[in-house]
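Engineer: quick one, structure for this:
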Amino acid sequence: MQRLFLLSVLLLTVAGTKVLAQSTPPSDSVFIRRLFDEALSRGKSYEWLRHLTTRIGPRLSGSEGAAKAVNYTRQLMEQEDFDRVFLQNVMVPHWVRGTREKAYIQIGNQKTEVPIAALGGSVATPKTGIKARVVEVKNFQELRELGRSKVQGKIVFFNRPMDPTKLNTFEAYSGAVDQRGNGATEAAQLGAVGAIVRSMTTRLDDFPHTGAMRYGTGVPLIPAAGISTNGAELLSRMLKTNPELEFFFQQNPETLPDAPSHNVIGELKGTQNPEEILVVGGHLDSWDLGQGAHDDGAGCVQAIEAIRLLKALGYQPRRTLRAVMFMNEENGLKGGMAYADTARSKKEKHLAAIESDRGGFVPRGFGVVGDAAKRAKIIAWQPLLAPYGLHEIGPGGGGADIGPLAQQGTVLLGLIPDSQRYFDYHHAASDTFDAISRRELEMGAASMAAMLYLLDKYGL
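Structural biologist: Numbers count the residues shown, from 1 in each chain. Alright, predicted model coming up:
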C-alpha cells in the first residue's frame, strides 16, 4: 500500500509538473532564442527585400517606384494577417534626375571623362553644360579665405575625404557631409558657377554618390554634383600639375510640384494596454541610382519581419505593435513629421520607437535616446541580447524618421549594425540586392523583434 501511495504521489507530481510547464510561459532567454531560431531557419525578410529591390527598384519620393513600394508593403502586412493595415497620406517633394549626367576634365584638347551624379535637389546646368576652371578646397573656411576674386566664375571642388581613422564611420560621415549639404550655397556666395563634391565614402571606386543638398535663401542657385572618389583623386592630382585645367559637367534634374504619397502602417493590437504603442520601422523611399537595398529596404523588411516573428511564435502583445514604412526620409523627412503630427493630434501614446536605417549588416546593438532611468532599464536587458552579438546598448542615435516623436517623450532606439561597409553603398548605384547577406539581414530582424518583445513585456 505504501508503495502504491508513493507511486501515486510521484505520478501526480510528474503530471503536475507537466501541466505547470505547459502553462508557464518560457523565460525571456528561451523566447529570444526562439525568435532567432525562427528568423534564421524560416525568415522571410530576405525574399521580401529581393522583390522590393529587384522587381520594384529605386523608390525616390514622388516616383512610380515609391508608389509601387507602398502597395507592395501594404500587401505584405495584409498577407501576414496583421490586425490592421492602413495608409497615411503625405505630400512629398518630387525631384527627378533627368537624363544621365556627363563630365570630363579638359587640358588643351585632351578630355578625360569622370563619373558624377547630380545631388538631390540641385538645379540643372544650362543645356550645353558648364565649363570652367576649378578651385579645390577642403572646407568652407578655406573657401572663404580665397575670396570672391579667386572663386567668381569658377567651379568649386570640395575634396575633404571622410576621416578614415574614425572607427565609427557615421562619425566620419558627419565630419564630411556639410560639403554636400551646403557646398553649393557657400560657393555661390562667392560667385562660383557650379559645385563638385567628393562622394561620401572611404572607398576608392567609380560610383558617384548622391544625397540631399539645400540652397540658402537669397543665394544664386548653382548646379551641384557628387564625383566618385576615384574621379576626385584624379581631378586633385591633375590640378596640382595643371592648375589651369577646365572641368565640364552637364546635368538635367528638375524639381516638380509636391506629390501625394503615403506612410504604410501595419499593427497588432495590444491585449492589455492597446492605447500604448510601440513602433518599429524604416524608410521606404530610396535614392534613384541603385536599388535601395541597404538604404533602407533592409530596415523596412526587418520591421515587418520583427512583428511577423513574434506573431509566428504565438506571442500576444500587451501593447499595440506597429510596423511603419516611412516615406521621404531622403529628401524631406515628410513621412516622419506627418506620422508624429498625426500621433499628436490623435493623442496617441508612443512608449518607444525602433528604427533600422544603417543597412542590413550584422547587428551590434542599439543606440538609445531617452531619459536616464529609461535608458538604464533598456541597458539592463543587455545580458539577454549579448549571446547574439548585441553588445553595444547605450546612449546613441534613434533614427531620422522617428526623431519627431521625441517631442512627445517617446524613447527612441536605433538598430546599430556593423558600420564599416555601409558608406561603400550609401546613396550610390552599388546599393543593390546582391550586396545583402541573408543571414545578417535576418539577424537584424530578430534583434529588433527581441527588443520589441522586451519593451512590450516590461514597458518603460
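Engineer: please spell out which residues along stretch 55-73 are buried.
Structural biologist: Judged by neighbour count (16 or more other Cβ atoms under 10 Å), stretch 55-73 contains these buried residues: 56-63, 65-67, 69-70, 72-73. Yep, even glycine has a C-beta here, placed from its N, CA and C like the rest.
Engineer: now stretch 172-191
Structural biologist: Across stretch 172-191, burial judged by 16+ other Cβ under 10 Å covers 172-173, 176-177, 179-191.
Engineer: check what pLDDT the closest residue to T201 other than its chain neighbours gets.
Structural biologist: Counting by Cβ to Cβ, 6 or more residues apart in numbering, T201 lies nearest to F423, which is 4.5 Å off, once chain neighbours are set aside. The pLDDT attached to F423 in the predicted structure is 98.
Engineer: ok, F423 - contacts?
Structural biologist: 162, 169, 172-173, 200-203 (Cβ atoms under 8 Å, 6 or more residues apart in numbering).
Engineer: what is the nearest of those residues to P363?
Structural biologist: Nearest to P363 among the contacts of F423 is T169, at 15.7 Å by Cβ to Cβ.
Engineer: okay, now the unreliable bits of this protein?
Structural biologist: 1-24 (pLDDT under 70).
Engineer: at 50 what do you get?
Structural biologist: For the chain, the stretches flagged by pLDDT under 50 are 1-23.
Engineer: report the longest strand in it, please.
Structural biologist: Longest strand in the chain by number of residues (criterion: DSSP state E): strand 254-268.
Engineer: show me how far that strand is from its chain's centre.
Structural biologist: The offset between the C-alpha centroid of strand 254-268 and the centroid of the whole chain comes to 16 Å, using Cα atoms, centre = their mean, to the nearest Å.
Engineer: please name the strands paired to it in the sheet, noting orientation.
Structural biologist: strand 84-96 (antiparallel), strand 319-326 (antiparallel) (DSSP bridges).
Engineer: CA atoms of stretch 318-326 as PDB?
Structural biologist: Extracted in PDB, the C-alpha atoms of stretch 318-326 (Å, rounded to 0.1, in the frame of the first residue of the first chain):
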ATOM      1  CA  ARG A 318       0.300  43.500 -24.200                       C
ATOM      2  CA  ARG A 319       0.700  46.800 -26.100                       C
ATOM      3  CA  THR A 320       0.000  47.700 -29.700                       C
ATOM      4  CA  LEU A 321       2.900  46.900 -32.100                       C
ATOM      5  CA  ARG A 322       3.200  48.900 -35.300                       C
ATOM      6  CA  ALA A 323       5.500  48.500 -38.300                       C
ATOM      7  CA  VAL A 324       5.800  51.800 -40.100                       C
ATOM      8  CA  MET A 325       7.200  52.300 -43.600                       C
ATOM      9  CA  PHE A 326       8.100  56.000 -43.600                       C
END
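Engineer: which secondary structure state does A117 sit in?
Structural biologist: In terms of secondary structure, A117 is strand; the call rests on DSSP: H, G, I helix; E, B strand; the rest coil.
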